[in-house]
Structure formats: C-alpha cells, structure tokens
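Asks: structure for the following, please:
(one chain, ligands or ions: 1)
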Amino acid sequence: MKMIRVKIWLIIALLIFLSTSVVSGAAACEQENAAVQYCLTDNNLHVLINVIMAGERAFDPCTEETEDTYAFLVKQGMEMLSGTVAGVNGGEFSLKIEVVEESTKKFTKSEINDILAQTDDTKKNYIVVFPQASFAELKRDYPAAYAKDMVKKPVLGYESYDYAGSGYVVIMAGEAGRVANTAAHEAMHLLGVGDIGFDSIDASLAGRFDIMRYGNKRSADVSNIHIYMMLKANKSKKTSQWKDMNDELLKFSKKNGLNYSKPL
Ligand SMILES: [Zn+2]
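Replies: Okay, the predicted model is just below:
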C-alpha cells in the first residue's frame, strides 16, 4: 500500500513537472499571430514559420531534381537548417525550424492578397512562398506582393527585419536544381541574417559552402556565427549584415571558433 502511494506521488510530481515545463516553453514564444514564431529558451531556439505555398507551379513535381513537388522541397529546405552547433553562449545551441504549412486550397488568390496587405496583428500572419514563380505571374495574380517592391526586396523585411507581419518569399523559376537550398537561404533571411556579399567580409567567417554565400547551391551549412547574428537581429529588430558586423564577428569567432552545425 505504501509503495503504491509513493508511486502515485511520483506520478503527480511528474505531471506537475511536465505541465510547468510546457507552460514555460510556451511563454518563451513571441507574438502568437506572428508569421515567424520565435521561441527562445536558454540555448534552444524553436522557430515555427506559418507558410502558405502559392502560385500555379507550387505543387508541380520538380522533375529537374526529384519527383517531389516544389512545395515539398521548399519545406524540406527550410527545415534542413535545424541542428545543433557548438560555441554559442559558451555551449551547444540547438536550432529547430518547423514549417507549419496551411493547405493552399483554403485560400483564394484574393485572400492571399489580403493576407499580404494586412497590417492587423490580431489576425494570423503568414509567409507566402511562391516556388517556381515568375514576375509576370506575380504581377497578374498577386499584386499585393508585387506592390511591395519585389525586385529590390524579394523577402519582406530584408532591411528592417520584421518577422511578425505577413510577408513572402519568391523562389524564381530558374532556381530548379537548387530549390531546397534556396529555400533554406531565404529562411535564414526570415531569421534576420543578411547575404554574404563579394569580398565584403573576412574570409575566415564563413566557409565556401556557407548557406549565405551568394550562389551557393551545394549545401545549407549553418554555423554558430549565423546563430549569433540571428539572436542579435531578434534583439535589435534589424537584419544582421555581415559587412557591418565584420569586426564584431571576428571577435566572436576568435573566442568561439567557426563551427558548423550537426543536423538534428
Ligand atoms: Zn539572400
């Protein structure tokens, strides 16, 4: 009888522990309607991206690469950024990216335009991804995206970095053969990390196949430096640009090394 009572107490204690840990995890997430949910606890960052795949070719098979659809490769590419990496805040850091995909069938073109134009943060926000789209298609069917100066800003918030409101990512036709990596690169922008320009940074800060290297289609390498830049962008609400941060990043890498992540 005593044994059973002890077991019951253990179970109750475990339930209390589990329920409080769930609550504290949820409390760390910012802005519940944000397009990009940012849930940071100590050395763990869990990012949920609310995605609507749109455009007439989103669900075509990507025959240049596999038989998977473009939409599938986009999701796979963004989630490929997940992993653990050493040398952040003196320890290991784990990043998990989760694409929460809404069924596109639920939205008409005009509803998608409304979502892109909305500024009401009591409504749920999304990142609308247009895989394999063309300017002509966007201009015709998604004027709300086209109006947001898409040539200069393929990702909303490129400069100011605001992941809360709805935005979009375009993976242009012609990116075939590298859809997943392009999606991973664009997701990194959603997390506030800028492009590595030509000769703009110290070569030691990023490997040859770093995901932010322009034209890198060979891998989606994520390092502790990206994590540092992400956390900084989240605090400052400004995109972390390599060129501006060159000296700061050199200091960081001198202290922590340049470490690439291991996939989860
Ligand atoms: Zn870029």
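Asks: quick one: distance of the one helix or strand residue 136 maps to to the chain centre.
Replies: Using DSSP states H and E, residue 136 maps to helix 135-141. How far helix 135-141 lies from its chain's middle: 25 Å, per Cα atoms, centre = their mean, to the nearest Å.
Asks: go on, stretch 247-264?
Replies: On the basis of Cα atoms, centre = their mean, stretch 247-264 sits 19 Å off its chain's mean C-alpha point.
Asks: end to end, how far does it reach?
Replies: Counting by Cα to Cα, to the nearest Å, you get 30 Å between the two ends of stretch 247-264.
Asks: ok, residues contacting that stretch?
Replies: Contact with stretch 247-264 is made by 80, 82-88, 94-96, 201-202, 204-207, 221-225, 228-229, 242, as judged by Cβ atoms under 8 Å, 6 or more residues apart in numbering. (Each C-beta comes from the backbone N, C-alpha and C, glycine too.)
Asks: quick revisit: need the next SSE after the helix holding residue 136, C-terminal direction.
Replies: Note on helix 135-141: by DSSP H and E, the next helix or strand toward the C-terminus is helix 143-147.
Asks: check the offset of that next one from the chain's centre.
Replies: Chain-centre distance of helix 143-147: 22 Å, with Cα atoms, centre = their mean.
Asks: mind listing what's buried in it?
Replies: In terms of neighbour count (16 or more other Cβ atoms under 10 Å), helix 143-147 has its buried residues at 144-146.
Asks: now residue 181: phi and psi?
Replies: Dihedral pair for residue 181: phi -70, psi -40, per degrees, to the nearest 10.
Asks: ranges for the helices of the stretch 51-200 of the chain?
Replies: Along the stretch 51-200 of the chain, counting by DSSP state H, counting those that start in this stretch, helices occupy 70-79, 109-117, 135-141, 143-147, 179-190.
Asks: can you redo those as JSON lines with mean pLDDT?
Replies: Putting the helices of the stretch 51-200 of the chain into JSON lines (pLDDT from 0 to 100) gives the following:
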{"stretch": "helix 70-79", "mean pLDDT": "93"}
{"stretch": "helix 109-117", "mean pLDDT": "92"}
{"stretch": "helix 135-141", "mean pLDDT": "89"}
{"stretch": "helix 143-147", "mean pLDDT": "79"}
{"stretch": "helix 179-190", "mean pLDDT": "88"}
